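Enquirer: Sequence first, predicted model second:
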Amino acid sequence: MQKGFRLLGMALLLATTALAQSDKHFTESFSSLRFDAFVQKIEATSAYHFYYNEKALDSFTVNVNASNNTLPELLQQLFQNTIYL
């Protein structure tokens, strides 16, 4: 579990750093997606790149609606009420 917190912290740090370089906003419904599929969608439509332990999030299902959200806002919403935030 400790590794999950570190990974999420690094992801948020990278996302925040990348945000300073890009003001990309997301408007999309991500429903019943595996986390790796969510990451692929974000990477395909932006300059963001994720580095994370796939085993730590292999059973994590993404259900989030983005409405003109930045990546940090989207990740905050995604991981709210989970052990990762």
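Expert: Looks like it arrived, so ask away.

Enquirer: which parts of the helix or strand encompassing residue 29 are buried?
Expert: Here residue 29 sits within strand 26-34, counting by DSSP states H and E. Of all the residues in strand 26-34, those buried under the rule 16 or more other C-beta atoms under 10 Å are 26, 30, 33. Where C-beta positions appear, they are placed from N, C-alpha and C, glycine not excepted.

Enquirer: Tell me where the chain has strands.
Expert: 26-34, 61-69 (DSSP state E).

Enquirer: which strands and helices sit next to the first one?
Expert: So the one you mean is strand 26-34. helix 35-44, strand 61-69, helix 71-79 (3 or more C-beta pairs under 8 Å, 6 or more residues apart in numbering; DSSP states H and E).

Enquirer: Pick the most deeply packed of those.
Expert: helix 71-79 (a mean of 18; mean count of other C-beta atoms under 10 Å).

Enquirer: which other helices and strands contact that one?
Expert: helix 2-21, strand 26-34, strand 61-69.

Enquirer: And the residue nearest to residue 34 when sequence neighbours are not counted, what's its pLDDT?
Expert: In this structure, residue 34 finds its nearest non-sequential neighbour in residue 61, 6.6 Å apart by C-beta to C-beta, 6 or more residues apart in numbering. pLDDT for residue 61: 95.

Enquirer: Sketch out the low-pLDDT regions of this protein for me.
Expert: Applying pLDDT under 70 to the chain flags the ranges 1-22.

Enquirer: Dead centre of it: give me the residue that sits there.
Expert: residue 75 (4.4 Å; C-alpha atoms, centre = their mean).
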